[in-house]
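Trainee: what's the 3D shape of this:
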Amino acid sequence: MFVAAYAAIFAVAAIGQQTDATIGPVEGESLEPELVLVAGATGRTGSEIVTELQASGYRVRAFVRDIDKAREKLGDEIEFAQGDVREIASIEAALTDVDALISAIGAGRSDPANGPEFVDYGGVKNLSAAAAAANLRQLVLVSSMGVTQDDHILNKMFNNVLKWKFKGEEALRASGVPYTIVRPGGLTNAPGRELEIVFKQGDTEAGSIPRTDVARVCVAALDSEDSLNKTFEINSGKNPPKTDVSNAFAELATD
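Mentor: A predicted model of the protein is given here:
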């Protein structure tokens, strides 16, 4: 994802609430854990989401273009579905028996056909439409800080990537599927669980955050009705981490 570049662009903002969560599959009539499809599962953030889902007791299905390469990276303890977010039929097939979906997709830099318009917008639009048709209980989207800022430097650097991400958000909101939109600051590979996670709304903040903390928030959102139909930014604060992210979800405004 292009947002990896943010760590060098954003300054860490520090005010707000919160962090870590007690997370796990939502209880239901079946004793079998819920199945979550992860789009973008082989990316640096997506792979952290897969790990967090496994640790939290969910069954995981990775939606990938190349199953052999994905299995080498993610191991054999999860399911795989081959497809492309630009092809909605492949998404529909991958959603069989799926309960929820987390998207951590991001455009490529070299191939114009894999650019922001077709992945960050078109891909998210396809995921949203397929999720709605399959009556999924929730779609969690990893978007980005800065998506409402047309003059953001990343739009100049990477083919209006943030503008297209915002259009993807809008497509998700209009789809009818229950959603949570997570807008992290600059993504880093620093260890997670070391600083509080700051939650904000309004897209006025700047900052950075470890991918592992982004993954924790995404998975925690699956276990909280208070996260539904909300859009928010997250970055690392300065204080030690807290233990329950659910309070932060409850205090956020619904879209």
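Trainee: Arg183 belongs to a strand?
Mentor: Yes. Counting by DSSP: H, G, I helix; E, B strand; the rest coil, Arg183 is located in a strand.
Trainee: that one reaches Thr148, doesn't it?
Mentor: No. The pair Arg183 and Thr148 fails to qualify as a contact (C-beta atoms under 8 Å) at a distance of 9.5 Å. C-beta: built from backbone N, CA, C; applies to glycine.
Trainee: find the residues that touch each one of the two.
Mentor: Asp203 (C-beta atoms under 8 Å, 6 or more residues apart in numbering).
Trainee: more neighbours: those two, which one.
Mentor: Arg183 (26 against 15; other C-beta atoms under 10 Å).
Trainee: measure the more buried one to Asn135 for me?
Mentor: Distance of Arg183 to Asn135, given as C-beta to C-beta, to the nearest Å: 26 Å.
Trainee: could you do Glu92 as well?
Mentor: For Glu92, the distance to Asn135 (C-beta to C-beta) stands at 12 Å.
Trainee: can you check Glu205 too?
Mentor: 34 Å.
Trainee: do the same with Gly57
Mentor: 23 Å.
Trainee: for the stretch 101-250 of the chain, which segments count as helices?
Mentor: 122-133, 153-157, 161-175, 211-222, 246-251 (DSSP state H, counting those that start in this stretch).
Trainee: the longest one vs helix 122-133, what angle?
Mentor: Taking axes from the mean of the first three to the mean of the last three C-alpha atoms, to 10 degrees, helix 161-175 and helix 122-133 form an angle of 10 degrees between their directions.
Trainee: can you name every helix or strand that helix 161-175 contacts?
Mentor: Contact partners of helix 161-175 among helices and strands, from 3 or more C-beta pairs under 8 Å, 6 or more residues apart in numbering; DSSP states H and E: helix 122-133, strand 138-142, helix 153-157, strand 179-184.
Trainee: if you set the cut-off to 10 Å instead, what comes out?
Mentor: Other elements packing on helix 161-175 under the criterion 3 or more C-beta pairs under 10 Å, 6 or more residues apart in numbering; DSSP states H and E are helix 122-133, strand 138-142, helix 153-157, strand 179-184, strand 230-236.
Trainee: looking at Glu92 and Asn135, which is more packed in?
Mentor: Of the pair Glu92 and Asn135, Glu92 is the one with more neighbours under other C-beta under 10 Å, namely 16 against 10.
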